[in-house]
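**Student:** Sequence plus predicted model, see below.
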Amino acid sequence: MADYKESDPFLHSAEWKRLRKAALQRDHGMCRNCMDRMQAGFGGAPNRATMVHHVIPRSERPDLALVLENLVSLCDSCHNSEHPEKWNKKKRKTLEKIGSHGCRVIKV
């Protein structure tokens, strides 16, 4: 059986979709972290935003889930850096599949 994460109903709500669109428009479709680095003189051109991130997580403050000021537009890379716990879980699963030999076994 595949290891699929069940989709979060919140992310399919009309309210979230409307607010997500507003956040992307506010940030001109650009990653705010990349823009901040560029304006500070670090790094090159900013990336396009593909994600809208809750600055204060919904798990901690559900009352801020639909507050525009609690949202930031991010590119995939910056969003992944905001969630290292998710990346580490994926990496651990991949390493478990690869095993201690350092190679992946593929059944034919």
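**Tutor:** Looks like it arrived, so ask away. Numbering: from 1, shown residues only.
**Student:** Low-confidence stretches in this structure?
**Tutor:** The chain contains residues with pLDDT under 70 at 1-5, 86-108.
**Student:** In contact with the residue most central in space within it: list those residues for me.
**Tutor:** Centroid-nearest residue in the chain, with CA atoms, centre = their mean: H79, separated by 3.6 Å. H79 makes contact with 50-51, 53, according to CB atoms under 8 Å, 6 or more residues apart in numbering. Quick note: C-beta positions are derived from backbone N, CA and C, even for glycine.
**Student:** Helix, strand or coil: sort out it for me.
**Tutor:** Put simply, H79 is helix when judged by DSSP: H, G, I helix; E, B strand; the rest coil.
**Student:** cool, and E6?
**Tutor:** What three-state DSSP gives for E6 is coil.
**Student:** and it, how many neighbours does it have?
**Tutor:** The number of residues packed near E6 is 5, by other CB atoms under 10 Å.
**Student:** just the one 4 residues further on next, same as before
**Tutor:** Taking other CB under 10 Å as the criterion, the count of residues near F10 is 12.
**Student:** before we move on, what about the one 10 residues further on?
**Tutor:** The criterion is other CB under 10 Å. On that basis, R20 has 16 neighbouring residues.
**Student:** distance of N33 from P9?
**Tutor:** 28 Å (CB to CB, to the nearest Å).
**Student:** sorry, back to before: which of the contacts of H79 count as buried?
**Tutor:** With neighbours counted by 16 or more other CB atoms under 10 Å, these contain buried members at 51, 53.
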